[in-house]
Each structure stands twice: as structure tokens, then as C-alpha cells.
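Participant: What follows is a predicted protein model with its sequence.
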Amino acid sequence: MAKDKGQGDKPQLSEFLGDRSSVWATQLDAIALRFNREYRKESFDLPPEVEAMPIFQEWMAGSLTSKIASPFWDLAKPKKQQKCLDLGCGFSFMIYPWREWEAQFYGQEISTVARDFLTSRGSQLNSKLFKGVQLAGAHELNYEKNLFDLVIATGFSFYYPLSYWADVLAAVKRVLKPEGFFVFDAIAPDTEMAENWAILETYLSAEVFLEPLEDWQKLIKASGAQIVRQQQGDLFQMYKVKF
């Protein structure tokens, strides 16, 4: 395939966030660049042996997304007029039935491409439900305390170490209502596709952390949260927790 056209892609997320994101800036910038390239449908320069992998063929065909997506609404369906924060939202407001749920959507992203797309289209789709998208990492929640009924974070936990997720859990705890829920997913390293998927993501310039689910459960407990429900998928384990 042709070499990636996104070399030197600017601006980086850290330029928007400033010094307060400095601890995680390098990791955030790498992941933001990886998704900006994918959202713009740019090519990646991958070795032939990686392109020959069945999981790469599924990724190219677009069939992998539906297979590994985490249906957060199975564990916590947004309700009418609830304030919901979707971390790493991507194009969520344009894809999932937020208008049917009649829930208020607050997005947060590190991809400038996704942020700009939702910002330009979201209010046109439904200005009453769409509350905007902030460009920030999941650990930087610049919202008032106890604002949200539901916080969602699916599809990106595996790009960061557990120490990062300790920061995320602490941030979510502050902005979540006492009766609210946090739904997120973690890669299940013992699943059949986990290793090949991790190889593919590594070649797409995104390191994957295959943390044991037992360590995730310890982290959840240490954060002061309790697991209310969980659900196993083909690649991810979803958790619904309450603080």
C-alpha cells in the first residue's frame, strides 16, 4: 500500500491542552494521529505479512468494527433528558440513536477530525440534544461536579496503561452523579482474536496494553467503584460500575 500521507500531521492534541496534559501528552498525540489518519481514510504502510492477516482484511472491509464494538446501551441505555458524557466519542452522535433515546449528548475526543465533524453536524441533527464536543483526553474532564447521569468510554481503554485509567476513574467519579453509572470496556486478552488484533493495532502506530481482567477488577475496586454488571464480547469485556 502507499505510504501514509499523514506524516507530520499537525496540530497535535498537546498543543490544545497545554501543560496540564504533559504526563500523557505523547501517548495522546500518537493515538489522536492514528485515528485522524483512519477517519481521513489515509493509507498505512504495513508489511505484506500483516496485510495478509485475516483480521487486516476484515479491518479494510469495514466488517471488524461491528464485530468488536461494545454496545454500551445493553448495560446502561441512555434515558430521556439524562446528561450523558461519551468519552472517545468518535462519530457516536451521528451513528447511535441519541434522538430516539432523547438523552443529552456531551462528547469528548482527542481526534480533531472527529471533533470537527461532530461540531459541524451535531447541532444540525438535533440542537437540543447535542451539547458539543470537547477536545481532551478522558482523564481531563472540565465539567462541574456531579453533572452527568451516565459516562461512557468504549473502544480505547487498551491504548493506555492502567495507571492512566486510574486517572480516568478519578475524573469520572468527580463529574458523575452519586446515582450515576460509568460504562467502559477493557480488552479480554484471552479471547481468540486479541493477539492478532494487538499486532494489527501496533502496526497502525498504536501500542496495545493487554492487561489481565483481574488487574482491571482490582483497579475498579481501588477507585472506590463497584461492578454492577458486566458483559463479554468477542474482544472486549464491558463493565457497568457505580461509585
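Facilitator: Looks like it came in fine. Model, not experiment: these values are computed from the prediction. Residues are numbered from 1 along each chain as shown.
Participant: C-alpha only now, for contacts and for neighbours.
Facilitator: Fine.
Participant: need the helices for this protein, in chain order.
Facilitator: 13-17, 25-39, 48-51, 54-61, 64-68, 92-95, 98-101, 112-125, 162-175, 194-203, 213-222 (DSSP state H).
Participant: Adding mean pLDDT, mean neighbour count and distance to L141 as columns, could you present the ones you listed in a markdown table?
Facilitator: Below are the helices of the chain laid out as a markdown table (pLDDT from 0 to 100; neighbours: other C-alpha atoms under 10 Å; distance: least, C-alpha to C-alpha, whole Å):
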| stretch | mean pLDDT | mean neighbour count | distance to L141 |
| --- | --- | --- | --- |
| helix 13-17 | 45 | 17 | 12 |
| helix 25-39 | 90 | 19 | 15 |
| helix 48-51 | 90 | 12 | 37 |
| helix 54-61 | 88 | 14 | 31 |
| helix 64-68 | 82 | 13 | 26 |
| helix 92-95 | 95 | 15 | 18 |
| helix 98-101 | 97 | 15 | 21 |
| helix 112-125 | 95 | 17 | 16 |
| helix 162-175 | 95 | 18 | 6 |
| helix 194-203 | 88 | 16 | 27 |
| helix 213-222 | 94 | 14 | 19 |
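Participant: out of the ones you listed, nearest to K79?
Facilitator: helix 98-101 (5.8 Å; C-alpha to C-alpha).
Participant: Put the alpha carbons of that closest one into CSV.
Facilitator: Output in CSV follows, covering the C-alpha atoms of helix 98-101 (Å, rounded to 0.1, in the frame of the first residue of the first chain):
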residue,chain,number,x,y,z
TRP,A,98,-29.4,9.5,20.6
ARG,A,99,-32.5,11.2,19.1
GLU,A,100,-34.5,8.1,19.9
TRP,A,101,-33.1,8.0,23.4
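Participant: so how far is that helix from its chain's centroid?
Facilitator: Offset of helix 98-101 from its chain centre (C-alpha atoms, centre = their mean, to the nearest Å): 20 Å.
Participant: for stretch 60-67, same thing?
Facilitator: 17 Å.
Participant: for stretch 225-237, same thing?
Facilitator: Counting by C-alpha atoms, centre = their mean, stretch 225-237 comes out at 15 Å from the chain centroid.
Participant: Can you lay out the helices of the chain as TSV showing distance to N142?
Facilitator: Converted to TSV, the helices of the chain look like this (distance: least, C-alpha to C-alpha, whole Å):
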stretch	distance to N142
helix 13-17	11
helix 25-39	17
helix 48-51	40
helix 54-61	34
helix 64-68	30
helix 92-95	20
helix 98-101	23
helix 112-125	16
helix 162-175	9
helix 194-203	30
helix 213-222	22
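Participant: among those, which is nearest A138?
Facilitator: The nearest among these, by C-alpha to C-alpha, is helix 162-175 at 5.9 Å.
Participant: Good, wrapping up.
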